[in-house]
Each structure stands twice: as structure tokens, then as C-alpha cells.
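K.L.:
test case, fold it:
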Amino acid sequence: MAINCGIVGLPNVGKSTIFSALCSEPAEAANYPFSTIVPNIGIVDVPDERLLRLSAIFSPKRTIHTTVEFVDISGLKKGSSKGEGLGNQFLSHIREVGVIAHVVRCFDDPDVAHVSDRVDPAADIETINVELALADLETLAKRRERAQKSLKSKADQKAAEAVLAVLDKIEGALETGRPIRSVDLSSDEKAAIYDCHFITAKPQIYVLNADDPEMKGATAGYVAAARKVAEDEGARAVTIFGKLEAELGAIDDPEEKLAFLKELGLSEPSLPQLIRAAYDLLGLRTFFTTGEDECRAWTIPAGAPAPKAARAIHTDFERGFIKADVYTCEDIFQHGSEAKIKLAGKYRIEGKEYVVQDGDVIFFKFNV
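P.N.:
Okay, here's the model as predicted:
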């Protein structure tokens, strides 16, 4: 299944720098607002050590990770919901993504102008969140108008009443600048307003773009302020060192990269945390297929039964599903081969009702 994450924030917070480091692709990065007129799009592998260990065991011809699509959206600003800075155009791009990565500036740099002439993470976060809430209020007003017209039709009346009830429930939150995701909605209520594609209903990660891995001085204060906002919202926050990641991206030699990280006291780059967070935030799970041709990771929603998981490979696998041979990554890591897994009694045959678990290794059998 496709996973996409939109990178948003004020101008000059380092979005394009982070995107370039993520995707190893050049994105326009400049010291002026709205340098990213057309969104940049990049596909990134989801880091998973389990897949690498499986490949070491099976020695396949190729190893294929599951992926996340990142979309670098131009900087928003106060008034974007009303069209300031080409805001409406870029807000439409945000509506198309599954997860929002809200980049917050947590660094001082006299050479990179701040749109408000001062670094204030809490105020910056509020500016973006208010603009997104205002954009959703505009969408809500239009949807309310449509629903009220539908009340006149007996055939559509019940559905319209359900929509209006949900709109009433979320309007108060938006009017106070709170996101729709902060409102407790049932699955039926979410389905009633799905066609609105509300921006603040989407899950959001705060990406704290810092410049000092040691987290000293002003950097520590900026990061602490941003994390406090995230904690108060119950949101996830990930600290990224954008400039450092850009430097790492320019190093081709893996050993040289590792040495550079050790010098800074880091065990891994910071960007994989963002990639994994975007993946996890949607409640996704990974299962694996193995063999001589390929070892591959597949993405499925949590709670997917075996036939639905098989669909990730091909629709025929779901349509003609017979059974699934299953063991776990930990089984193969412990025993070293499928033959030894069978001897240990850990090799299972599962049917249509089996709920696939994260880390399962599966061989599907089907007939069409």
C-alpha cells in the first residue's frame, strides 16, 4: 500500500534540506520564502534491520524494502488559508498526503532569514496549526452547506444529518485552533466526513530541525519548547539535524559515514527515525517473503487477515487464497533455517481468519 508524508512548515525552516537528505535528491533550497513552487517528491526505503538479516540468511538475488513517499511542500505562512503566499495552492497539496511532517526551526543562523525575524518554535507551530485549522473551517462551511441542501431530500436526509452532527462536533475545536485529530470520533463519524479530506484530521509528526547534536545552548531551549507543544498535544516529535544529514548524504563510503557519526557520538543518522515514525504513525505492519529470487518487505494495515495481506502481493493471491505457511523473523534468526524451524514445531499453517503479525515471514498458497 502507498504511504506518503507531506513535509510542511514556515519558509526557511529547512524542509528542502531535510527532503534532499532523505531522498538523496536535490531539492531547491534557498534563503527566500516559497522556493519550492512545485512540490518535490521522493521515494525512501523504510529502514528495517530484519530484512537485511533475512537477506543474509537466504542470499537472494535482490532485497526490496517497503517505502515511504515524501512530498516537499512549499513554506506556509500567516494568511496561507486565505491565499497569502500562494497558500491555497499548497494547502491543496497537503490534502493529498497521509501523514504530515511539520518541520519546526530549532536553530539560529544569521544567514538564513526567519520570516518573523526571530526563532520561536512554539509561535511558529501555532502559526502553521492555526492556518491549517482555518483552511479546514473553510472546507467545513462548504460541506455544511451541501449537507443542509441534502436535508430536503428524503433519500439523503439521514446521511446529511449524520454529516452535520460530526461537523458540529469538530467545529468548536477548529475555531480554537485545535486539530480535528484531537476530537474523539468513532469510525462511523470519520467515514461520514471522509470526503472532506480535512487537513488537521491527518496524523502529524513534529520534526525539530536542530543544528547541534550535543543539544547545547539555544538549540536545547528551542527543542525543549517544541517538544513541550508536542507533548501537550499528545503528538510525536522527532529531532533531526538537517545540515548534518545533508553532509552525510554527500559521503558515499559507508565506513566513512559511520566514522563521521561516531565522531559526533551518534549511533545512526537521525533521518531513519522520521521514516520509521511516519510508517508507524499510520498503524502499519510489515511482513516478509523470502526465497532465492528476492527477500521483500510488504506493508499492510494492522489487523489485516491473511487474504488481505496476500493482496499486497497481488489481487490473485487474495482471490484464490488457500492457506499461508507462516513463521516469524525471530524463529529464523534463532534456528537459522526453515528445516530447523519445522523441527522445532514453529512452522505454522494458517487459514483465512489468521491476522498477520508484524515480523511474520509468509509463503501464500493460492489457486485461481
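
K.L.:
so where is the stretch 1-150 of the chain shaky, pLDDT-wise?
P.N.:
Residue ranges of the stretch 1-150 of the chain with pLDDT under 70: 1-2, 24-38, 74-90.

K.L.:
which residue ranges form the helices in it?
P.N.:
15-23, 49-58, 87-94, 121-150 (DSSP state H, counting those that start in this stretch).

K.L.:
wait, V115 touches P11, no?
P.N.:
Yes. Using Cβ atoms under 8 Å, V115 is in contact with P11, at 5.4 Å. The C-beta positions use only the backbone N, C-alpha and C, and glycine is treated the same way.

K.L.:
and the strands in the stretch 151-300 of the chain, which stretches?
P.N.:
204-210, 236-240, 284-289, 294-301 (DSSP state E, counting those that start in this stretch).

K.L.:
adding mean neighbour count, distance to T127 and mean pLDDT, write those strands out as a markdown table.
P.N.:
Output for these, formatted as a markdown table (neighbours: other Cβ atoms under 10 Å; distance: least, Cβ to Cβ, whole Å; pLDDT from 0 to 100):
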| stretch | mean neighbour count | distance to T127 | mean pLDDT |
| --- | --- | --- | --- |
| strand 204-210 | 26 | 14 | 94 |
| strand 236-240 | 20 | 17 | 93 |
| strand 284-289 | 22 | 30 | 95 |
| strand 294-301 | 19 | 33 | 95 |
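
K.L.:
list the contacts of the residue nearest in space to the middle of the chain.
P.N.:
Residue closest to the average C-alpha location in the chain (Cα atoms, centre = their mean): A278, at 2.7 Å. Neighbouring residues of A278 by Cβ atoms under 8 Å, 6 or more residues apart in numbering: I3, C5, V68, V99, A101, I205.

K.L.:
that one - nearest residue in space that isn't next to it in sequence?
P.N.:
Nearest residue to A278, sequence neighbours excluded (Cβ to Cβ, 6 or more residues apart in numbering): C5, at 4.4 Å.

K.L.:
go ahead and confirm that neighbour touches A101.
P.N.:
Yes. Counting by Cβ under 8 Å, C5 does reach A101; the two are 5.3 Å apart.

K.L.:
overlap in contacts, these two.
P.N.:
F70, I205, A278.

K.L.:
kindly reformat these as CSV containing distance to F287.
P.N.:
Formatted as CSV, the shared contacts of C5 and A101 follow (distance: Cβ to Cβ, whole Å):
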residue, distance to F287
F70, 23
I205, 24
A278, 19
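
K.L.:
what's stretch 101-119 in contact with?
P.N.:
For stretch 101-119, contacts defined as Cβ under 8 Å, 6+ apart pick out 5-15, 18, 31-33, 70, 75, 77, 121, 123-125, 128, 204-212, 218-219, 222-223, 226, 239, 274, 278.

K.L.:
let's see that with 6 Å instead.
P.N.:
5, 7-13, 15, 31, 121, 124-125, 204-211, 218, 222-223, 226 (Cβ atoms under 6 Å, 6 or more residues apart in numbering).
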